[in-house]
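In: Provided below for reference: sequence and predicted model.
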Amino acid sequence: MSYLFVVMTVVLTVAGQLLLKWQVGLVPPPPQAGGALLGYVVSMFFRPWVIVGLAAAFLASACWIVAVSRFELSRIYPFMALNFVVVGLLAVPLFGEPMTRWKLVGLLFVFVGLIATSRG
């Protein structure tokens, strides 16, 4: 049951990142920096799905607090690498991002590293 909090941390983190990417893709930032960029960022905080994405990140943090209270950090922290793998894979169908050979190799290295470090 305790591993559920680790899984929920990953799921909620991934969901939050994907929601934020989806929303910023709908409203591209202004080309100039400064006040316009700051206004853009502030306006994003009022978009309902951005709020949901930030709430997911907050809930992921709450799950992580429970997880680290029940496990050795060195045992569960490698699972946070799953965020890179899952987001990297889901960005292809959801946002049309390319999956290059090098990205795939990198994701495989991350996954193999996760397996190796979780056994130690």
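Out: Alright, I've got the coordinates. Numbers count the residues shown, from 1 in each chain.
In: For P98, which non-adjacent residue is spatially closest?
Out: Nearest non-adjacent residue to P98, counting by C-beta to C-beta, 6 or more residues apart in numbering: V92, 7.4 Å away. Placement of C-beta: from N, CA and C, glycine included.
In: Now R47, what are its backbone angles?
Out: phi -80, psi 130 (degrees, to the nearest 10).
In: Where does the nearest residue to it once chain neighbours are set aside fall, secondary structure wise?
Out: Excluding the flanking residues, the one nearest R47 by C-beta to C-beta, 6+ apart is Q23, at 5.5 Å. Per DSSP states H and E: Q23 is located in helix 3-26.
In: which residues are contacting that helix?
Out: 44, 47, 49-50, 52-57, 59-61, 63-64, 66-67, 70-71, 76, 79-80, 82-83, 86-87, 90-91, 94-95 (C-beta atoms under 8 Å, 6 or more residues apart in numbering).
In: Can you list the buried residues in whatever helix or strand comes next after it?
Out: Once the chain leaves helix 3-26, the next helix or strand it forms, by DSSP H and E, is helix 35-44. Going by neighbour count (16 or more other C-beta atoms under 10 Å), the buried part of helix 35-44 is M44.
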